[in-house]
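S.K.: can't give you the sequence, but here's the structure:
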């Protein structure tokens, strides 16, 4: 009797394996899809790893210092207005 699993388990790729696969795709004249087929990796996953590893990381955002103050009133309140005589 043979037991067949309905859904194959996900394969775990170590960082070293990912780097090796990406390095193979950088060889001149090599097709990413060909490497993916040979090694049993989905081509879209290999393209994603290439993009992550070969794209330079963005520098962290630079924040400007901010000082928060109590807002000034643009218009005086009614109590501060001079009395108007009729």
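M.R.: Yep, that arrived. Small disclaimer: the values here were computed from a predicted structure and weren't measured.
S.K.: drop to CA atoms for contacts and neighbour counts, all remaining ones
M.R.: Fine.
S.K.: does the most centrally placed residue in the chain count as helix, strand or coil?
M.R.: The centroid of the chain falls nearest to residue 52 when counting by Cα atoms, centre = their mean (9.0 Å). Three-state call for residue 52 (DSSP: H, G, I helix; E, B strand; the rest coil): helix.
S.K.: how about residue 24?
M.R.: At residue 24 the chain is in helix, as set by three-state DSSP.
S.K.: that one: what's it in contact with?
M.R.: 30, 35 (Cα atoms under 8 Å, 6 or more residues apart in numbering).
S.K.: tell me the SS of residue 72?
M.R.: Under three-state DSSP, the three-state class of residue 72 is coil.
S.K.: ditto for residue 65
M.R.: coil.
S.K.: mind checking pLDDT for it?
M.R.: On pLDDT, residue 65 comes in at 88.
S.K.: ok, now residue 5?
M.R.: Looking at residue 5, its pLDDT stands at 66.
S.K.: same thing with the one 5 residues further on?
M.R.: Model confidence at residue 10, given as pLDDT, is 78.
S.K.: when you give positions from now on, start the count at 42
M.R.: Happy to do that; since the first residue is 42 now, the last one works out to residue 51.
S.K.: host element of it?
M.R.: Under the criterion DSSP states H and E, no helix or strand holds residue 51.
S.K.: any idea how far it lies from residue 89?
M.R.: For residue 51, the distance to residue 89 (Cα to Cα, to the nearest Å) stands at 17 Å.
S.K.: more neighbours: the two, which one.
M.R.: Between residue 51 and residue 89, residue 89 has the larger neighbour count (other Cα atoms under 10 Å), namely 12 against 6.
S.K.: who are the contact partners of the more buried one?
M.R.: So residue 89 contacts nothing (Cα under 8 Å, 6+ apart).
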